[in-house]
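> below are the sequence and a predicted model for it; my questions follow.
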Amino acid sequence: MRPFHHRHLTALVALATVLVTATPPTAASADDSPNRRAGYHRVGYFTQWGIYGRAFPVKKLDTSGAASRLTHVNYAFGNVSEDGRCYVDGGAGEGDAWADYQRPVPAEESVDGVADAWGEPLNGNFGQLAKLKAKHPDLKVLISLGGWSWSTYFSNAARTDASRRAFVASCIDLYLKGNLPVLDGGSGGPAAAAGVFDGIDLDWEWPNWPGEPGNVIRPEDRQNFTKLLAEFRRQLDAYGRKTRKHYPLTAFLPANPATMDAGYEGREIFPYLDFATVQGYDFHGAWDAVTNQQSALRVPAGAPDSPDFSAEVAIDGWIARGAPREKLVLGIPYYGRGWTDVTGGGNGLFQPAAGPAPATFEAGYEDYRRLKTLAGNGFTVHRDLRAGHAWLFDGTTFWTYDDPAVVLQKTLYIRRAGLAGAMVWSLDGDDDNATLTKTISLGLATP
């Protein structure tokens with residue numbers, strides 16, 4: 001099939017609407033008031049490290065048109081120390097305070113065209129986010145704590161009443177009050193980052209469930225996660241009373257029902273959250289011996305695993321556990337997962353493969369901006385419209401990914417299911433025209 005073009009958008013909207021509304025209702029789609037929301041959350045993760053190989057500075061959020069179509073930007077990531085505190089990690093290979101607020105951003109990369117001088121209190125990404133917010137005053141920026149690599153000591157931070165109080169206080173002091181450590185040259189200092197961040201996103205991967213090897217895991221994480229949210233809400237509200245501002249609290253939640261049960265008290269967590277983003281990707285990847293979908297809306301017919309993962313399975317799982325649908329935001333990937341040396345012929349789906357496909361930064365993982373160039377260049381685009389996923393195959397190499405047609409179908413699902421909106425990982429995977437972000441904005445536009 002030919003790659004998606006905007007001139008096909010009207011026809012695709014009509015087709016996707018038929019596909020979504022014709023599907024038998026599930027726990028997530030049996031909602032009779034899909035337009036009850038005044039507006040949808042459109043959340044994008046901005047990666048600290050995207051300024052390097054991906055050449056994606058904060059400025060691109062403005063010039064691409066993405067910033068004007070987002071409601072929230074989550075900055076990835078903030079670290080948690082072994083003694084349970086928010087801190088700026090300058091450790092080699094992990095932390096990058098240089099990128100955060102020390103690096104003098106040149107004029108050509110600056111949101112307002114003004115270069116940073118060495119040693120200013122707020123340089124780097126944080127300084128650029130402040131400039132972006134000045135240009136887009138309705139945009140909220142949240143610091144996202146943890147992620148896959150930095151969830152090691154969340155359990156320590158959440159363990160006791162005293163540790164929770166100290167952890168939350170340290171996060172508010174560092175990111176909301178903006179009291180940054182002073183670095184070589186002078187960047188940082190008291191209130192240096194005040195006003196950059198509007199709230200906090202918890203990306204603990206995962207309470208009482210294996211994540212990155214070496215993570216501290218305790219059975220009591222399940223109850224302590226709820227208590228940690230309660231402490232965040234208490235201190236954020238107390239601080240907000242002083243500043244006359246509401247500070248959003250959000251969390252990233254897993255797609256795996258077993259992880260949901262092991263680490264979360266279901267409905268108990270949602271009173272403390274403004275909303276929660278739900279993992280809608282990494283369902284399969286080159287860790288599997290056969291090709292598969294990594295982000296399908298529904299489980300495809302003929303899938304080799306039963307039960308299997310899908311966006312709908314994840315959303316239904318949370319609703320079944322008491323989550324209010326109006327606080328669930330569906331995650332959408334701006335990257336694909338790939339296999340190579342695929343055998344078995346056909347369209348490549350559900351076929352044996354030798355390992356991860358070669359890629360730009362990480363084998364088996366490629367940004368949408370690069371995958372879109374493969375369509376028609378030796379690769380054929382295949383679709384399962386019923387299941388809501390697409391893939392690229394050239395007879396040997398297979399990539400599962402979300403293109404604008406799939407993204408649009410997911411926004412229509414979000415509307416019909418009465419969900420709170422869409423989240424994306426990550427903004428630097430989009431093309432220079434922010435095609436995927438613009439598609440989300442179009443699909444979630446309110447009258």
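Received, thanks. Keep in mind it's a predicted model, so treat the numbers as computed, not measured.
> which residue packs closest to Ser81, ignoring adjacent ones?
Closest residue to Ser81 apart from its sequence neighbours, by Cβ to Cβ, 6 or more residues apart in numbering: Tyr87 at 4.9 Å. Heads up, the C-betas are built off the backbone N, CA and C, glycines and all.
> how much space separates the one you found from Glu205?
Tyr87 sits 19 Å away from Glu205, going by Cβ to Cβ, to the nearest Å.
> quick check on those two: which one has the bigger neighbour count.
Under the neighbour definition other Cβ atoms under 10 Å, Tyr87 and Glu205 were set side by side, and Glu205 has more, 22 against 15.
> is it true that the more buried one touches Phe252?
Yes: at 7.4 Å, Glu205 and Phe252 qualify as touching, with contact defined as Cβ atoms under 8 Å.
> so which residues of the stretch 101-250 of the chain form helices?
Here the stretch 101-250 of the chain has its helices, by DSSP state H, counting those that start in this stretch, at 124-135, 154-157, 161-171, 221-243.
> among these, which is the most enclosed?
helix 154-157 (a mean of 24; mean count of other Cβ atoms under 10 Å).
> please tell me how far that helix is from the chain's geometric centre.
22 Å (Cα atoms, centre = their mean, to the nearest Å).
> can you check stretch 236-244 too?
On Cα atoms, centre = their mean, the centre of stretch 236-244 falls 27 Å from the chain's centre.
> before we move on, the earlier item: CSV for the helices of the stretch 101-250 of the chain, including distance to Asp282?
Formatted as CSV, the helices of the stretch 101-250 of the chain follow (distance: least, Cβ to Cβ, whole Å):
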stretch, distance to Asp282
helix 124-135, 25
helix 154-157, 19
helix 161-171, 26
helix 221-243, 21
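> got a markdown table for these, with distance to Ala320 and mean pLDDT too?
Shown next, in a markdown table, are the helices of the stretch 101-250 of the chain (distance: least, Cβ to Cβ, whole Å; pLDDT from 0 to 100):
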| stretch | distance to Ala320 | mean pLDDT |
| --- | --- | --- |
| helix 124-135 | 37 | 98 |
| helix 154-157 | 25 | 98 |
| helix 161-171 | 28 | 98 |
| helix 221-243 | 17 | 98 |
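> wait, which of the ones you listed is closest to Trp98?
helix 124-135 (6.9 Å; Cβ to Cβ).
> which residues touch the nearest residue to Arg165 once chain neighbours are set aside?
Nearest non-adjacent residue to Arg165, counting by Cβ to Cβ, 6+ apart: Glu231, 6.3 Å away. For Glu231, the contacting residues are Arg164, Arg165, Phe167, Val168, by Cβ atoms under 8 Å, 6 or more residues apart in numbering.
> repeat that for 10 Å
Ala158, Asp161, Ser163, Arg164, Arg165, Ala166, Phe167, Val168, Ala169, Asn224, Tyr272 (Cβ atoms under 10 Å, 6 or more residues apart in numbering).
> same thing with Thr380?
The neighbourhood of Thr380, defined by Cβ under 10 Å, 6+ apart, consists of Met1, Asn347, Gly348, Leu374, Trp391, Leu392, Phe393, Asp394, Gly395.
> one more: Ala191?
Pro121, Leu122, Lys177, Gly178, Asn179, Leu180.
> do you know how far the first one is from Gly127?
In this structure, Pro121 and Gly127 are separated by 9 Å, where distance is defined by Cβ to Cβ.
> what does Asp100 give?
Distance of Asp100 to Gly127, given as Cβ to Cβ: 9 Å.
> joint contacts of these two?
Residues touching both Asp100 and Gly127 by Cβ under 10 Å, 6+ apart: Ser187, Ala193.
> residues near Pro137, how many?
Using other Cβ under 10 Å, Pro137 has 6 neighbouring residues.
> gap between it and Gly195?
Taking Cβ to Cβ as the measure, Pro137 falls 11 Å from Gly195.
> same deal with Val329?
Using Cβ to Cβ, we find Val329 at a distance of 25 Å from Gly195.
> quick one: residues contacting the residue lying closest to Val88 once chain neighbours are set aside.
Once flanking residues are discounted, Val88 sits nearest to Ala97: 5.0 Å by Cβ to Cβ, 6+ apart. Going by Cβ under 10 Å, 6+ apart, Ala97 touches 48, 88-91, 103, 124, 126, 180-181, 183-184, 187-188.
> and Ala97, how far from Val80?
Ala97 is 16 Å from Val80, by Cβ to Cβ.
> repeat that for Gly195.
Gly195 sits at a distance of 23 Å from Val80 (criterion: Cβ to Cβ).
> compare the two (neighbour count), which wins?
Legend: neighbour count by other Cβ under 10 Å for Gly195 and Val80, higher for Val80 (26 against 15).
> measure the nearest residue to Gly188 once chain neighbours are set aside to Cys86 for me?
Leaving aside its sequence neighbours, Gly188 sits nearest to Leu180 (Cβ to Cβ, 6+ apart; 3.7 Å). Going from Leu180 to Cys86 by Cβ to Cβ gives 11 Å.
> in the chain, where is pLDDT below threshold?
1-38, 90-94 (pLDDT under 70).
> rerun at 80
1-38, 89-94, 447 (pLDDT under 80).
> residue contacts, Arg218?
Residues counted as contacts of Arg218 (Cβ under 10 Å, 6+ apart) are Ser155, Asn156, Ala158, Arg159, Pro207, Asn208, Asn224.
> can you put the residues you listed in a markdown table and add distance to Phe56?
Below are those laid out as a markdown table (distance: Cβ to Cβ, whole Å):
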| residue | distance to Phe56 |
| --- | --- |
| Ser155 | 32 |
| Asn156 | 33 |
| Ala158 | 32 |
| Arg159 | 37 |
| Pro207 | 31 |
| Asn208 | 34 |
| Asn224 | 35 |
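> now the two most distant members of those.
Most distant of those, by Cβ to Cβ, are Asn156 and Asn208, 13.6 Å apart.
> that older thread, output the contacts of Glu231 in JSON lines; the columns should cover distance to Asp341.
Converted to JSON lines, the contacts of Glu231 look like this (distance: Cβ to Cβ, whole Å):
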{"residue": "Ala158", "distance to Asp341": "43"}
{"residue": "Asp161", "distance to Asp341": "54"}
{"residue": "Ser163", "distance to Asp341": "48"}
{"residue": "Arg164", "distance to Asp341": "49"}
{"residue": "Arg165", "distance to Asp341": "53"}
{"residue": "Ala166", "distance to Asp341": "51"}
{"residue": "Phe167", "distance to Asp341": "46"}
{"residue": "Val168", "distance to Asp341": "49"}
{"residue": "Ala169", "distance to Asp341": "52"}
{"residue": "Asn224", "distance to Asp341": "45"}
{"residue": "Tyr272", "distance to Asp341": "47"}
